[in-house]
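Sharing a sequence plus its predicted fold:
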Amino acid sequence: MHIKKYKLTHLGSNSKFTDQYAPVLLEAIPRAYGRELINLHEQNLPFIGCDIWNAFELSWLNTKGKPVVGIGEFIFQYSSINLIESKSFKMYLNSFNQMRFDDVDLVRTVMQKDLSHAVQGLVEVKLYPGLDAYPMQLDCLPGINIDDLDITINNFTLQRQYLHAATSKKEEWVIETLSSNLFKSNCPVTHQPDWGSIVIHYQGSKIAHDCLLRYLISFRQHNAFHEQCVELIFNDIKQYCQPEKLSIFARFTRRGGLDINPFRSNFEALPTLGRLVRQ
C-alpha cells in the first residue's frame, strides 16, 4: 500500500520535537484513500466503529509551573474524514510539555478542539491526571485463541484466498469469538513492524480456524496503517466467509507512548476489553 499521494512532513524523516503548543504538527490522512484500495465507498460502509488511542507519555504544567503527568484516551469515529498519522500525534502531545493550564478540563478542551478539527469529525478525549485514576486493567484476549494450531506457512505476503475455503454451506452455524497474538503488519512509510492482537467475533457458518490463522499471518509483510488493516480484515471475512454478524477489534502494541486499537463491527457499538500485557 502506497501513500505517495500525501506528503507527510514527519513520518520517515528526522523531526524536531517542540515542547511549546503546536496544533499545526497534526498530520491528517484521508480515510477514503485506504478504503478506495479495497473498494469500500464512504457512502455505503459495511461497518461502524472507532479507533481508540491510548497515550501513556502525557504531561503539562499547572499554573505554578509544576508538572502534571497523565494518561489520555482518544476515541476517533470511523466516520471522520481523516485519521491522524501517529508520529505527528506524538509530537503534538509533546508540545504540551511546557505549557501552563488552569486545570485538566482546559487541556481536554484544547485537545478535543484540535483533534476534531484535524480529522473533521468529533473526537472524544478522556484525560487521567496523576495516573491513579486510570481505570483500564490488564486483561486477556477473549474466546478461543488459535495460535497453537499446527500449521505450515510458506508464504508471508497477503493471501486473501486463504478465506475462500474457510467456510461452506455445510458448516454448522455458530456464535464464536476467535483471537490471535500473531498479527504483524508494517508501517507503509518506514516499514517498521506493527505488532498486534486480533479479536474476531462473528455469527454465521463456522470459519475454519487454520484458514483464518494463515490469513492473519499473511499480513506479516503487508504495508498499511493499523486502521486500514482492520478494515481490510473486516471486508475480506465479510466477503469470503459471509457471516451474518461480524466484529474485528485489533490491539496494537505501544510505540512512542501510543497504542492504537481500531474496532469495526456491523452489530456492536463499542468493544469491552482491557489493556493487554503487550500494551
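All right, it came through fine.

Straight-line length of stretch 112-126, end to end?
Distance across stretch 112-126, first residue to last, is 9 Å (C-alpha to C-alpha, to the nearest Å).

what's in contact with that stretch?
Applying C-beta atoms under 8 Å, 6 or more residues apart in numbering, the contact partners of stretch 112-126 are 23, 26, 28, 72-77, 79-84, 92, 108, 111. (Glycine included, C-beta is placed from N, CA and C.)

Among those residues, which lie within strands?
Among those, DSSP state E puts Ala28, Gly72, Glu73, Phe74, Ile75, Phe76, Gln77, Asn82, Leu83, Ile84 in strands.

Can you give me the distance of the closest residue to the second one other than its chain neighbours to Glu85?
Pointing back at Gly72 there. Nearest residue to Gly72 in three dimensions, chain neighbours excluded: Ala55, at 4.0 Å (C-beta to C-beta, 6 or more residues apart in numbering). Separation of Ala55 from Glu85 (C-beta to C-beta, to the nearest Å) stands at 15 Å.

do the same with Tyr134
According to C-beta to C-beta, Tyr134 and Glu85 sit 25 Å apart.

higher neighbour count, those two?
The neighbour comparison of Tyr134 against Glu85 (other C-beta atoms under 10 Å) goes to Glu85, with 23 against 18.

Quick one: end-to-end length of stretch 73-86, please.
Length of stretch 73-86, first residue to last, C-alpha to C-alpha: 14 Å.

Same question for stretch 249-265.
End-to-end for stretch 249-265, by C-alpha to C-alpha: 8 Å.

Tell me the buried residues in it?
249-255, 257-265 (16 or more other C-beta atoms under 10 Å).

before we move on, the earlier item: among the contacts of stretch 112-126, the buried ones, what's the PyMOL command?
Of those, the buried ones go into a single PyMOL selection, burial set by 16+ other C-beta under 10 Å:
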select buried, resi 26+28+72+73+74+75+76+80+82+83+84+92+108+111
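
picking up where we left off before, report the lowest-confidence entry in the buried residues of stretch 249-265.
Least confident of those in the model: Arg255, at 90.

hang on, isn't that one packed against Lys87?
No. The criterion here is C-beta atoms under 8 Å, and Arg255 misses it with Lys87 at 9.0 Å.

For stretch 190-202, list the C-alpha coordinates in PDB.
Taking Å, rounded to 0.1, in the frame of the first residue of the first chain, the C-alpha atoms of stretch 190-202 are listed here in PDB:
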ATOM      1  CA  THR A 190       9.100   3.500   7.300                       C
ATOM      2  CA  HIS A 191       8.300  -0.300   7.100                       C
ATOM      3  CA  GLN A 192       8.800  -0.600  10.800                       C
ATOM      4  CA  PRO A 193       6.900  -3.600  12.200                       C
ATOM      5  CA  ASP A 194       3.500  -3.100  13.900                       C
ATOM      6  CA  TRP A 195       2.700  -5.900  16.300                       C
ATOM      7  CA  GLY A 196      -0.900  -6.600  17.400                       C
ATOM      8  CA  SER A 197      -3.500  -8.900  18.700                       C
ATOM      9  CA  ILE A 198      -6.800  -9.500  16.800                       C
ATOM     10  CA  VAL A 199     -10.200 -10.500  18.200                       C
ATOM     11  CA  ILE A 200     -12.800 -11.700  15.700                       C
ATOM     12  CA  HIS A 201     -16.400 -12.100  17.000                       C
ATOM     13  CA  TYR A 202     -18.900 -13.500  14.500                       C
END
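
Show me which residues of it are buried.
Buried, per 16+ other C-beta under 10 Å, within stretch 190-202: Asp194, Gly196, Ser197, Ile198, Val199, Ile200, His201, Tyr202.

wait, what's in contact with the fourth one?
This points to Ile198. With C-beta under 8 Å, 6+ apart, Ile198 has these contacts: Ser179, Ser180, Phe183, Leu216, Ile233, Ile248, Phe249, Ala250, Arg251.

Can you give me every residue that contacts the fifth one?
Put plainly, it is Ile233. Per C-beta under 8 Å, 6+ apart, neighbours of Ile233: Ile198, Ile200, Leu216, Ile248, Ala250.
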